[in-house]
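Participant: Need a 3D model of the following:
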Amino acid sequence: MSFSEKNIIKKIANDDLAAFEKLFKTYYEELCRFAAGYLKDMDYAEEIVQDVFYILWKNRKKMHIKKTIRTYLYTATKNKCLKIIRSKEYEEKYRAHKAHNKADPVSTPVDELNAKELKKLIEKTMESLPQKTRTIFRLSRDEGLKYQEIAAQLSVSVKTVEANMGKALKVFRKNLTEYKEPS
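Facilitator: Presented below is the predicted three-dimensional model:
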């Protein structure tokens, strides 16, 4: 890392908005083109790059950039793009699965009743969880956030997230044993 890079990182960590703006102006356009190469959508690419810079500013006090600031920005942008691509693939698979299941509805009234009972049991189990555990579980399962992202969002440790997820999964396993599919 060059002296000027160390200096700009230090300035940003000390709330120097001018240094941050200089960094933003230096890399913004090239990072947008880089992200657009992955996403094939310039508007989306700009959102990703803006988010990378937002996170950099938000975490400026605890930044530990090991290589160059350029490498950090490109890596963060690439990772966000890949996460978006993976989530889009997941959404497409989910939509295909839903479409397939709509085409082949629950075949018998007993199956339909079991599905309704299972849904009620899942809702009841979710409501039985402590608020914090429920929130962590939903962020993980419904929004697909990683434990580290949940910890940052809720201002708790990753260990707290892990412990709460463990509690939630234990309660679900206990309450849903009769619905477990045979191995």
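Participant: Now do the contacts for the nearest residue to residue 126 once chain neighbours are set aside.
Facilitator: Leaving out its chain neighbours, the residue that sits closest to residue 126 by Cβ to Cβ, 6 or more residues apart in numbering is residue 134, at 6.1 Å. Every residue, glycine included, has its C-beta placed from N, CA and C. Residues in contact with residue 134 (Cβ atoms under 8 Å, 6 or more residues apart in numbering) are 126-127, 168.
Participant: Show me how to select, in PyMOL, the buried members of those residues.
Facilitator: With 16 or more other Cβ atoms under 10 Å as the burial test, the buried ones among those are selected in PyMOL as follows:
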select buried, resi 126+168
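Participant: Make CSV out of the contacts of residue 134 and add distance to residue 40.
Facilitator: Below are those laid out as CSV (distance: Cβ to Cβ, whole Å):
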residue, distance to residue 40
126, 38
127, 42
168, 37
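Participant: which among the contacts of residue 134 gets closest to residue 7?
Facilitator: Distance to residue 7 across these (Cβ to Cβ) is lowest for residue 168, with 45.8 Å.
Participant: what's that closest one in contact with, if anything?
Facilitator: Applying Cβ under 8 Å, 6+ apart, we find residue 168 in contact with 129, 133-134, 136-137.
Participant: what's the farthest-apart pair in those residues?
Facilitator: Farthest pair in these, by Cβ to Cβ: 129 and 136, 9.1 Å.
Participant: Show me which of the two is the more surrounded one.
Facilitator: The residue with more neighbours, out of residue 129 and residue 136, is residue 136; 27 against 18, by other Cβ atoms under 10 Å.
Participant: CA-only coordinates of the strand or helix carrying the more buried one in CSV, if you can.
Facilitator: Element membership for residue 136, per DSSP states H and E: helix 131-141. Extracted in CSV, the C-alpha atoms of helix 131-141 (Å, rounded to 0.1, in the frame of the first residue of the first chain):
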residue,chain,number,x,y,z
GLN,A,131,-38.5,-11.6,19.9
LYS,A,132,-34.8,-11.4,19.3
THR,A,133,-34.5,-15.0,18.3
ARG,A,134,-37.5,-14.6,16.0
THR,A,135,-35.9,-11.5,14.4
ILE,A,136,-32.6,-13.3,13.9
PHE,A,137,-34.2,-16.4,12.4
ARG,A,138,-36.3,-14.3,10.0
LEU,A,139,-33.3,-12.3,8.8
SER,A,140,-31.4,-15.5,8.2
ARG,A,141,-34.2,-17.6,6.6
